[in-house]
Structures are given as C-alpha cells and as structure tokens.
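Enquirer: Give me a 3D structure for the following:
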Amino acid sequence: MSKMKAIKTFRDLLSFLTIIPLGKTEDFVMTSSEYIFLFPLIGALIGLFAGVYFQVCSFLVSYLLGFVNWIFHIPVEFLLRLAPAAMTLAFLLILTGLQHFDGLVDLGNAIGFSKVEDRRAVTHAWIVTYKGAFLAIFVEFLAFLGLFFLNADFAFKAIIASEVSAKLAMVTIAWVGKPAHKGLGALFIEKAKKKRNVAAYFISALIVFPLLGFMGLVVILVSFLFGVFMERVGKSVLGGVSGDMIGATNESARALTLVLLASAVVL
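Expert: You can find the predicted model right below:
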C-alpha cells in the first residue's frame, strides 16, 4: 500500500467510525468495508482519545471537588468516580455520532413483533419505542457502571481495550453472519468474508496484550464469542445481520468489556 493510499484509508476509516471532520472522500464507505480488518486499530485510537479525556476529567474534577469540599462537605470519592465516568461515556457517544447507539435503539424496537418483516420494517422507521429506549439505556448504563468502578490508574488501559473489543466484535459479527437484507450492513458482511480479515484478531492482540497481559487475551476471546452471540441474536430477530446489528454489537461489546475489566479489578 502506498503512503497516499494508507493516509486515505486511515482518514476514511476514522471518518466512518467517528464524527471527526477529515474531509472524507465519496467512497469512504466502500474503503471502510474493504479494510474492515483495521477497525480494531481505529478503535484503539478512539479509546486513546477517550482514555486521555477520562484522565483529564478526573484531574480537573478532583481539583474542583476539593475546592467545593473545602467550603462544605460533599461525597468527594463518589463524585470523583461518577463525573469522569459519565463524561467519558458521553464523549464516546458523541465522538461516534450516536450511529451505533441508534443500532441499539432499532434492535430494541424490533423485539416483540411476531413477523420478521415487521421487525425489519420498524428498524427503518424514525421512531423510538419503550423497548428500544430501555435496551439502549440499559446497555449504556452497564458501560457507565464499568467506567464508574474502574480505578483511575487502570481506566486508561481498560478504555482502550474496550474500544478495540467493540470493533473486533463488529468484525466478528460481519464475518460469521449473513445479511438480513440489502444495505450498508450487507456490504460490510460481503467484504468481511475475505481471509485477510483474520488480521483483525492479530492486530487486537498486539494492542491489548501489552496493555492487559493475559487479561487482554481473555478480552479478545470474549469479543469473538460475543460477536458470534450477536449474530445469533440478529438471525433470530431480523433473519440475519444488518447495519443496526453491527452497531448494536459495538455498544454492547464495549459495555461488556468495561464491566468485565471493572469486575476483574474489584474482585
């Protein structure tokens, strides 16, 4: 790959997975699907941004709470966990443009309909049912809990690992799944069948193992298994994998990984 093509590929992938304005080209979606095996690498960069944001928030909030506590007593330790966790989760949702969050809502909307056709139809409707809202809020609340219980020293590594895990789960569901219908998801599923996409797992290992050691390998395994699980969910609910399912997998895998790593620290 030439230097110019590598820069374009990186720019298109980052433009597809975030709202960062990088002057994306018209074929950025096609480029993103072609190089889906690089998703974990972009996830690591997103995690790096979020990890730094978490650390900065923790630093600033600690000084602010210390000043306020000097005036009158407040639960400093609780708020010092609460504020950075909430702010970092909001940062991640905004940075990714809520596009994956929307997949969670659409998946929740589809649950409960008796016919597959009706489930698919509601995922394309501009509505939010109580089921869609509940599923999205529940998953993001789990992610918040994971961030809340991470200590400041470990949080930086855990956040990066969780974003790598989320993107690897996206690669996995696209790799093992069959499209529910024609659309954006079908394009990624088609490209994910290429043998070179196994590189996503090696890239993920090269990132998370130095960060977490053996726990990093556990994260990769859990991410793979969860991607397979979400493919089964997609097949059951929508008759296959769609773009919404891939997005929902990203949000759910992040939450699962954060809870897993927070549990490992607490226990």
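
Enquirer: And residue 241, its phi and psi?
Expert: The phi and psi values for residue 241, taken as degrees, to the nearest 10, are phi -100, psi 130.

Enquirer: Which residue, neighbours along the chain excluded, lies closest to it?
Expert: Spatially, and ignoring its direct neighbours in sequence, residue 241 is nearest to residue 177 (3.3 Å; CB to CB, 6 or more residues apart in numbering). For the C-beta atoms, the positions are set from N, CA and C on the backbone; glycine is no exception.

Enquirer: now the one you found: how far from residue 236?
Expert: To residue 236, residue 177 is 12 Å away according to CB to CB, to the nearest Å.

Enquirer: Comparing the two, which shows the higher neighbour count?
Expert: residue 177 (27 against 12; other CB atoms under 10 Å).

Enquirer: show me what contacts the more buried one?
Expert: 189, 231, 234, 235, 240, 241, 245 (CB atoms under 8 Å, 6 or more residues apart in numbering).

Enquirer: what do you get if the cut-off is 7 Å, keeping everything else the same?
Expert: Taking CB atoms under 7 Å, 6 or more residues apart in numbering as the contact definition, residue 177 lies against 189, 231, 234, 240, 241.

Enquirer: wait, which of the residues you listed is closest to residue 99?
Expert: Nearest to residue 99 out of those is residue 241 (CB to CB; 16.1 Å).

Enquirer: Measure how buried the closest one is and give me the count.
Expert: Residues near residue 241, counting by other CB under 10 Å: 28.

Enquirer: gap between it and residue 179?
Expert: 6 Å.

Enquirer: swap in residue 264?
Expert: Using CB to CB, residue 264 is found at 36 Å from residue 179.

Enquirer: Of the two, which one has the most company?
Expert: residue 179 (22 against 15).

Enquirer: Can you list the low-confidence ranges for the stretch 101-250 of the chain?
Expert: 184-185 (pLDDT under 70).

Enquirer: As a check, name the ranges of all helices in it.
Expert: Remark: helices assigned in the stretch 101-250 of the chain by DSSP state H, counting those that start in this stretch are 116-123, 130-149, 152-176, 184-192, 199-212, 214-238, 243-266.

Enquirer: Quick check: which of those helices is buried the most?
Expert: Stretch with highest mean neighbour count among the helices of the stretch 101-250 of the chain: helix 152-176 (a mean of 26; mean count of other CB atoms under 10 Å).

Enquirer: which other helices and strands contact it?
Expert: For helix 152-176, the contact count by 3 or more CB pairs under 7 Å, 6 or more residues apart in numbering; DSSP states H and E identifies helix 39-71, helix 184-192, helix 199-212, helix 214-238, helix 243-266 as packing neighbours.

Enquirer: Kindly reformat the contacts of residue 177 as JSON lines containing distance to residue 71.
Expert: Formatted as JSON lines, these follow (distance: CB to CB, whole Å):
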{"residue": "189", "distance to residue 71": "57"}
{"residue": "231", "distance to residue 71": "54"}
{"residue": "234", "distance to residue 71": "53"}
{"residue": "240", "distance to residue 71": "58"}
{"residue": "241", "distance to residue 71": "54"}
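
Enquirer: returning to that earlier point: which of the helices of the stretch 101-250 of the chain sits closest to residue 42?
Expert: helix 152-176 (6.6 Å).

Enquirer: Please give me every residue in contact with the closest residue to residue 151 other than its chain neighbours.
Expert: Distances taken as CB to CB, 6+ apart put residue 265 closest to residue 151, at 6.3 Å, once the chain neighbours are dropped. Listed by CB under 7 Å, 6+ apart, the contact set of residue 265 reads 150, 151, 154.

Enquirer: Please repeat the previous calculation with a cut-off of 8 Å.
Expert: 149, 150, 151, 154.

Enquirer: rewinding a little: could you redo the helices of the stretch 101-250 of the chain as TSV and give each row distance to residue 8?
Expert: Listed next are these as TSV, based on distance: least, CB to CB, whole Å:
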stretch	distance to residue 8
helix 116-123	32
helix 130-149	32
helix 152-176	19
helix 184-192	17
helix 199-212	19
helix 214-238	27
helix 243-266	23
